[in-house]
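S.K.: take a look and give me a structure for this.
(2 chains)
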Amino acid sequence: MSELLRLAGIRKSFGDHVVLRDVDLTIEPGQCVVLIGASGSGKSTLLRCVNLLEVVDDGVITFDGRDITDPRVDGDEVRSRMGMVFQAYNLFPHLDVIGNVTLALRLVHDVSAEEARVRGLAMLDRVGLAEKAQARPDDLSGGQQQRVAIARALVANPRLMLLDEVTSALDPELVGEVLDLLTELKGEGVTMLLNTHEMGFARDVADQVCFLHDGRIHERGTPEQVLGDPREERTRTFLSRIRA
Amino acid sequence: MSERVAPAAAEDTHAWQPSDVQRDRDEWRRRRTLRSAVIAAGSTLLLLGAVGGAVFSSPGWDRVQETYFSWDKAVSSFPAVLEGLWLNIRVMAICWVLILVLSLTVAIVRTLRGPVAFPLRLLGTAYVDVFRGLPLLLVIFLLGFGGPALRLQGLPTSPLFWGCSALVLSYSAYVAEVFRAGIESVHPSQRLAGRSLGLSYGQTLRHVVLPQAWRRVIPPLMNDLVSLQKDSGLIAVLGVTDAIRKAQIETALDFNYTPYVVAGVLFCCLTIPMARLTDRYARKKGYHGAGGVL
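M.R.: Purely as a prediction, here's the structure:
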């Protein structure tokens, strides 16, 4: 059992609306699992549950060998070992870029201000934005903002990166810079769980693709199989719609 | 390799039963809630007991109780104070309507654009600056004592009328700023969208901007209403027989200050529900982030 993350029987509902039902999923270190599915199929909720931003109704999430859905677990500590990137970047507008990247290092990881700055600048260099360290998020393009958000999530060396439709808010010509960065991260062995509508990217980067429909994983497998030769009628319908 | 997952059988939502793990968790959460409630109740009782004990056992408590918390005096003065409070409530209700009208007008005037509206903007700004600068009590003195003495034609000379005017003038300056902040917080793209549909400036304001601004300023407006409820008692200085004045009269009979406490409790009975209502409204409007458990 070398898995990093294991979801077993996850169920989540909002009021009467059941968003996730009986979801099982495993991710091994260095793997990239891509969730696909229509809007409202539960992809984002699944990521939020893994990040403990939502409390599951049932089921067990095991992260790094520990049941993190146990109410006795310190959620802040668990989150400090994951990185999450949001669709709308969610950068802090009152802080400059380096301030955004180093905030958690200084407040959560007890890193000294100087060391945080060094590590933050190195991480910004890694995402190609070292010269923007003093800029405000509002002065950056969408693609640059999202790269800063990735740097912010990555700087504390998380065991797992959660990426929630990170290119959906970007202009088409800016999507590439973010996806290229993620492909590089995958090459460096960063473990990722993400959802996306970019099927080309999913094909390149995924070790496993899961198709969600109505809160269930209807089909899962290698990208070649799920995207190239789907067995489920629902998967075929979904793929033909987004390719049309 | 791929693993095929069985297609969903039509699952009845109500058929779902929590697993053993989940039942364990729910049980743990329930016990923790119960424990917090017990601890909260215990510490509250302890604190109240300590404070109460310290107060009641202090040497001067008998005299304090007799002077401020005399039950007989409270009962005998209650009807008079309550009658006075009815005046406060009427003053508050009428003033609040006038304040909303005047302040909204001032706010709209202050957000008008273009050189033609400059004198209006200047007037609005001057009004707000002056009446936000003047202490409310000073305005009440100025109008309440000065107003009737002018014996202006067509205007009543009652101190009640002039006291209310002072409240309306003073409060409208504050509330106008609340409205203006709300109007300016509506994103400019909303105006552009309205105008692009062919709506006039006024129509855009009326049907696009104000409805959004209004919703945003309701919590601060309710805050000002709570404030007005108690400031309506200030017109007592003009000799208007409101709750405070009635309490003063009752007190003057025997220098027992319990009627003031009665008036204070009654004012709190007015304002505290209003404050809770404001909180609830704000919570309903979702002023707690994007949702989720954090």
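S.K.: on the three-state scheme, the closest residue to A:Thr69 other than its chain neighbours is what?
M.R.: Distances taken as CB to CB, 6 or more residues apart in numbering or on different chains place A:Ile61 nearest to A:Thr69, at 4.8 Å, with adjacent residues excluded. All C-beta atoms are positioned from the backbone trio N, CA, C, and that covers glycine. Following DSSP: H, G, I helix; E, B strand; the rest coil, we place A:Ile61 in the strand state.
S.K.: tell me how far whichever residue of chain A sits closest to chain B lies from A:Ala116.
M.R.: Among the residues of chain A, A:Gly221 lies closest to chain B, at 2.6 Å counting by CB to the nearest CB. Separation of A:Gly221 from A:Ala116 (CB to CB, to the nearest Å): 42 Å.
S.K.: for B:Leu253, give its distance to B:Leu87.
M.R.: 20 Å.
S.K.: nope, B:Ser165 is what I was after
M.R.: B:Ser165 sits 16 Å away from B:Leu87, taking CB to CB as the criterion.
S.K.: equivalent analysis for B:Cys269, please.
M.R.: For B:Cys269, the distance to B:Leu87 - CB to CB - is 16 Å.
S.K.: and for A:Gly143?
M.R.: Using CB to CB, one obtains 65 Å as the distance from A:Gly143 to B:Leu87.
S.K.: remind me, longest helix of chain B?
M.R.: Using DSSP state H, we find that the single longest helix of chain B is helix B:71-111.
S.K.: pLDDT at residue 172, what is it?
M.R.: All of this refers to chain A. Note on A:Pro172: pLDDT of 86.
S.K.: I was after chain B.
M.R.: Value listed for B:Ser172 in the pLDDT field: 94.
S.K.: neighbours around it, how many?
M.R.: 25 (other CB atoms under 10 Å in any protein chain shown).
S.K.: these two touch, right, it and B:Leu104?
M.R.: No - if you go by CB atoms under 8 Å, B:Ser172 and B:Leu104 don't touch, sitting 9.1 Å apart.
S.K.: can you map out the helices along chain B?
M.R.: Under DSSP H, chain B gives helices at B:20-56, B:61-68, B:71-111, B:118-133, B:136-150, B:159-185, B:188-196, B:201-204, B:210-231, B:243-254, B:258-284.
S.K.: next, give phi and psi for A:Leu25.
M.R.: Main-chain torsions, A:Leu25, degrees, to the nearest 10: phi -160, psi 140.
S.K.: oh sorry, the question was meant for A:Leu163
M.R.: Torsion angles, degrees, to the nearest 10, at A:Leu163: phi -120, psi 110.
S.K.: ok, it touching A:Val190?
M.R.: No - A:Leu163 is beyond contact range of A:Val190, at 10.3 Å (criterion: CB under 8 Å).
S.K.: nearest to A:Thr237, out of the helices of chain B?
M.R.: helix B:20-56 (33.3 Å; CB to CB).
S.K.: what residues sit buried inside the closest one?
M.R.: B:21-22, B:25 (16 or more other CB atoms under 10 Å in any protein chain shown).
S.K.: out of those residues, who's near chain A?
M.R.: By CB under 8 Å from any CB of the partner chain, the members of the buried residues of helix B:20-56 lying near chain A are B:21-22, B:25.
S.K.: okay, B:Cys269 and B:Leu87: which has more neighbours?
M.R.: Taking other CB under 10 Å, B:Cys269 and B:Leu87 do not tie; B:Leu87 has more neighbours (20 against 10).
S.K.: nearest residue to the more buried one in space, please, no chain neighbours.
M.R.: B:Asp242 (4.7 Å).
S.K.: other residues contacting stretch A:214-229?
M.R.: A:12, A:18-25, A:34, A:36, A:41-42, A:199, A:202-203, A:206-212, A:230-232, A:234-235, A:239, B:1-5, B:7-8 (CB atoms under 8 Å, 6 or more residues apart in numbering or on different chains).
S.K.: what do you get for stretch A:147-154?
M.R.: A:83-86, A:89-91, A:97, A:100-101, A:103-104, A:120, A:123-124, A:126-129, A:132, A:137, A:140, A:161, A:163, A:166, A:177-178, A:181-182, A:185, A:190.
S.K.: CA atoms only: put stretch A:112-119 into PDB for me.
M.R.: Taking C-alpha atoms only, stretch A:112-119 is exported to PDB below (Å, rounded to 0.1, in the frame of the first residue of the first chain):
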ATOM      1  CA  SER A 112      11.800  33.100   9.200                       C
ATOM      2  CA  ALA A 113      11.000  36.200   7.100                       C
ATOM      3  CA  GLU A 114      14.400  36.000   5.200                       C
ATOM      4  CA  GLU A 115      14.200  32.400   4.400                       C
ATOM      5  CA  ALA A 116      10.600  32.700   3.400                       C
ATOM      6  CA  ARG A 117      11.600  35.400   1.000                       C
ATOM      7  CA  VAL A 118      14.400  33.300  -0.500                       C
ATOM      8  CA  ARG A 119      12.200  30.300  -0.900                       C
END
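S.K.: gap between that stretch and the chain center?
M.R.: 25 Å (CA atoms, centre = their mean, to the nearest Å).
S.K.: quick check: buried residues in it?
M.R.: A:116-117, A:119.
S.K.: what's near enough to touch A:Val108?
M.R.: So A:Val108 contacts A:76, A:80, A:156 (CB under 8 Å, 6+ apart).
S.K.: same check, this time on A:Leu121
M.R.: A:98, A:130, A:133.
S.K.: grab the nearest non-local neighbour of the first one.
M.R.: With CB to CB, 6+ apart as the measure, A:Ala133 is the residue that lies nearest to A:Ile98, at 4.2 Å, once sequence neighbours are left out.
S.K.: give me the neighbour count for that neighbour.
M.R.: Look at A:Ala133: counted by other CB under 10 Å, it has 19 neighbours.
S.K.: same question, A:His197
M.R.: 15.
S.K.: residues contacting it?
M.R.: A:His197 neighbours (CB under 8 Å, 6+ apart): A:36, A:165, A:168, A:242.
S.K.: returning to that earlier point: the residue nearest to A:Ile98 reaches A:Leu124, doesn't it?
M.R.: Yes - between A:Ala133 and A:Leu124 there is a contact at 5.7 Å, judged by CB under 8 Å.
S.K.: overlap in contacts, the two.
M.R.: Counting by CB under 8 Å, 6+ apart, the shared contacts of A:Ala133 and A:Leu124 are A:97-98.
S.K.: quick one, strands of chain A?
M.R.: Secondary structure of chain A (DSSP state E): strands located at A:5-14, A:17-27, A:32-36, A:58-63, A:66-67, A:82-85, A:160-164, A:192-195, A:208-213, A:216-221.
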